[in-house]
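Generate a structure from the sequence data that follows.
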Amino acid sequence: MIEYYRGAYGANLLTRWHGSSLAKAFIPGGLSVLLYLILFYFDTTPEEEVYLNHPYAVGVLVSSVSFLIIFRANYGYQRYWEACTTVHHLMSKWMDCAIFIGVFHLQSEHFKDMRPPNFFDYNELNDLNLTRDRETAPPPLEEELVNDNMNMGSPTSFASSERSIEIGLSTNSDDRAQLRRRRYEKSIHSTKNTIRGASVDTIDRSHDQTRLFGPGRLDGGWGKMYPNDINGKPTATYYDIQKFGKDASRIPPSEPLDKRGFASTKGGRTPSLFLQELTHLASLLCAVALTTLRNDLDDVESPLGVYTPGQKWPEVDPHYLSKDVRRQAYEQGPFMRNIRYLLGIDQTKHARTIYNAARPMLVIGGVSDNEIAFLQRARGPSAKTQLVWNWISDLIIREHHSGTLGNVGPPIISRVIQFLSDGMLYYNHARKIMFTPFPFPHAQLSAFFVLMMVLAIPLLMVQYANEHWLGAILTFLTVTCLAGLHEVARELENPFRNAPNDVPLCTLLAFYNEALITMFSGHHPDAYWNESEIIKKRSREKAMNGVKKEVSQVGALEIPTLSESDSAEEENVAVKKLFEVKNASTDALPQSVDSLEELKRLIEKQEEKIKELQNRVQKKGDGVEKQVK
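Down below sits the predicted model:
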C-alpha cells in the first residue's frame, strides 16, 4: 500500500513511478502520439479525400471502450475493498475469541486473590451518593482565546473578563500552563512530549469523599497474585512494584515506558503460561492465514518470523523498506525495478517469492520446528490454516474441561468457538478473492480494445486537428486516460499480490499481535476501589458500631454478688455464674484493633469485680475449713 499526503492539487503525487498506473499508461500514450505524428507528416492522402466525414464513428468506439474499462475498474475496486474488509473481519473475530478466553481465564479459582471487588457486595454504597468520576471537568479550551483577547482599553475587555468569570475560566498564567500540561498528561500515546510535559499529581484523589476512587493498581492486580517468598515483597509482570510502590497512582513522568508494553517482565514475573500459549496460537493462526493469502503455492518459500513486542511497525510501502530488506526483496536496482514495473513483468512467481521471503509474517513467541513440520505436512493453503484452527480450538476445549476458564457455562464457550468459525468464514471470503481472478473473457476484451485505442485515437485526431501539436496533446491525454483506467483495474484486482498496491498484511499482523498482548494486562487499574478512603472510613464506622453493640451486651451481663450470710450452695452457684460472666465477656470482645482502647476500661472494671468476688469466696472457704477443724 502506498501512503501519500494531500499536497497542493495533488501535484506531489506525480513524481512517484513505482506503483503508478499513470506511469504505465505513458507507454501506450507515447506510442499513440508517435503514430499520430507519422500519420500527420507522412500521410499523402489529398485533403478532399477524408477517412471520416464525422467524428461520431470513432466517438461511439471510444464511448464503448470507456464503458468496458470503467466496468472493469469498478469491479477491481470492489475486489480491493472487499479484501480489506474480509481481512479486518477475520482478525476481529479471532481477536474477540482470544480476548474472551483470556478474560474467562482470569475468573478461575487460581486468580481469586487478584480479583477486584464487586459492586454487588457493596450495595450500601449506593446510599452515599458517590460517583465514579476519574477527574473533574477541566477548564474549557477557549480559555487561552478569551485571555488573549483581553487587551487593556479594549471595549470588549470587560465583557470578556465577565464571561471568563461566569463560565469559570481562570486568567492566571499558571492555570493556563496547567491546562497545556494536561494535554500531554491525558494523551493516549507515549511520546517525548508527554513525558516532558507531564507533572506529578500531588493531590491524593483517594481522600475525595464524593468519589469512589482508590489509589489504583498499575500492575493490573498481578502483584496480589505473585508474592515473593524470598524477600517477602510482592512481584508483578510488567510493573515493578518494589520500585514504584504497590499503591503508586501513576508512573513518574521521568521514567520511560518499556517498549515491550504488557509483555514486559520488569516486575520480576512472566505472564500466565496459558495466556502465553493462547496469544501464540492466535498469532500463529492469523499469520498462517495471511501468508496463504499472499502466496498459496506449496513449492515456494513462505517463512514465518519471531515478533518482538514493541518493535518498529513494518512499513506499509515497500519504497520505504530498509536497504537490507530491499536488497533481499529485489534482485535489481531502483532503475531496473521501475522499468520492470512499467513493462508489467515484475509480478512473476520468482519475484513474488523473493519479495515475500524478505517480509515474513511475524508470530508472537516464534514458531517451533514441530509446528513447521506439521504445517509442511498439511497440503494446500486451506489445510494449513485449518490445522492451526484445530490447535487453538483443542486448547480452548481442553482447558475449559479442566477448569482453566472458570465457572463459565458451555453455551458461552460455544459462542467463543463461533467466533473462531466466523473468522474462518471471512478467511475463505478472502481466499475467494485471491484464488479466483477477474474473469478472463472480460480481461481479454478490455486489453484488446485498449490496444485498439492506440490506433484509433491518432486516426481521429489526424482528421479533425488542424495543428500537429494540439493533435499530439489530445491523442496522448485520451489514450493515457483509457490505458490508465485499465491499469488501475489490473492493479486492484488482486490486492494480496500486486505490490506495492497490495493490502499491508505485515503491518496489520503487527497491529493484531500488539492487541493480543493486552491480555497480559490483568484487571482495570481503577477497579480496586475498595482501597479508597471512603471504603476504609465506612469499614471503621461499621466496626465501631459493632464494638458499641458488643460493649452494651457485655455491660448488660449480670455480675453476681456474695454476702456473709450466703450458704455454701449459694456460694457455689455464685461462683459458677461468675465464670459464666467471665467467659461471656471474653467471647463478646471484638477482634478489631481500633476497639481495644475503648474496651480497655471495661475489661479492667470487670477484672476488678471478678478478683473481688474470688477473694470473698476464698475467705469464705477458709472460714469453713477452720470450723470443720
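
buried stuff in stretch 469-476?
471, 472, 474, 475, 476 (16 or more other CB atoms under 10 Å). All C-beta atoms are positioned from the backbone trio N, CA, C, and that covers glycine.

In contact with residue 372: list those residues for me.
By CB atoms under 8 Å, 6 or more residues apart in numbering, the residues touching residue 372 are residue 304.

just curious, which of the buried residues of stretch 469-476 is nearest to residue 218?
For the buried residues of stretch 469-476, the residue nearest residue 218 by CB to CB is residue 476; the value is 64.0 Å.

what residues are up against that closest one?
29, 30, 32, 33.

Equivalent analysis for residue 468, please.
Neighbours of residue 468 in contact, by CB under 8 Å, 6+ apart: 37, 40, 41.

Buried subset of the residues you listed as a PyMOL selection?
Buried members of these, defined by 16+ other CB under 10 Å, are picked up in PyMOL with:
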select buried, resi 37+40
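
export the contacts of residue 468 to CSV and tack on secondary structure and pLDDT?
CSV is the format used below for those (DSSP: H, G, I helix; E, B strand; the rest coil; pLDDT from 0 to 100):
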residue, secondary structure, pLDDT
37, helix, 90
40, helix, 82
41, helix, 82
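
any chance of the contacts of residue 468 in a markdown table, with distance to residue 12 too?
A markdown table is the format used below for the contacts of residue 468 (distance: CB to CB, whole Å):
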| residue | distance to residue 12 |
| --- | --- |
| 37 | 32 |
| 40 | 35 |
| 41 | 37 |
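
What is the nearest of the contacts of residue 468 to residue 243?
Nearest member of the contacts of residue 468 to residue 243, counting by CB to CB, is residue 37, at 77.6 Å.

Please name the nearest non-neighbouring residue to that closest one.
Counting by CB to CB, 6 or more residues apart in numbering, the nearest residue to residue 37 once its immediate chain neighbours are dropped is residue 472, at 6.4 Å.

repeat for residue 419
residue 97 (3.9 Å).

helices or strands up against the helix or strand that contains the one you found?
In this structure, residue 97 sits in helix 56-105 according to DSSP states H and E. In this structure, helix 56-105 packs against helix 273-294, helix 381-402, helix 410-435, helix 440-464, helix 468-492, helix 505-517, with contacts taken as 3 or more CB pairs under 8 Å, 6 or more residues apart in numbering; DSSP states H and E.

So which residues make contact with the fourth one?
Which is helix 440-464. Under CB under 8 Å, 6+ apart, the answer for helix 440-464 is 28, 31-33, 35-36, 39-40, 43, 50-52, 55, 58, 61-62, 64-65, 68-69, 71-72, 437, 471-472, 474-475, 478-479, 482-483, 486, 489.

go with 6 Å
By CB atoms under 6 Å, 6 or more residues apart in numbering, the surrounding residues in contact with helix 440-464 are 28, 31-32, 35-36, 39-40, 50-52, 55, 58, 61, 65, 68-69, 72, 471, 474-475, 478-479, 482-483, 486.

same check, this time on the last one
Residues lying outside helix 505-517 but in contact with it, judged by CB under 6 Å, 6+ apart, are 91, 95, 98, 262-263, 279, 282-283, 286, 290, 294, 307, 309, 313-314, 316, 359, 361, 364.

Would you mark the buried spots in it?
505, 506, 507, 508, 509, 510, 512, 513, 514, 515, 516, 517.

Run a quick neighbour tally on the residue nearest to residue 419.
25 (other CB atoms under 10 Å).

Just to check, residue 108 is in contact with residue 406?
Yes: between residue 108 and residue 406 there is a contact under CB atoms under 6 Å: 4.3 Å.

Contacts for stretch 19-33 next, please.
Contacts for stretch 19-33 (CB under 6 Å, 6+ apart): 2, 17, 342, 454, 457-458, 472, 475-476, 479-480, 483-484, 487-488, 491, 500-501.

now the helices for the stretch 251-400 of the chain?
273-294, 323-329, 334-343, 349-358, 369-377, 381-402 (DSSP state H, counting those that start in this stretch).

how big is the angle separating the fourth one from helix 505-517?
Pointing back at helix 349-358 there. Per axes from the mean of the first three to the mean of the last three CA atoms, to 10 degrees, the angle that helix 349-358 makes with helix 505-517 is 30 degrees.
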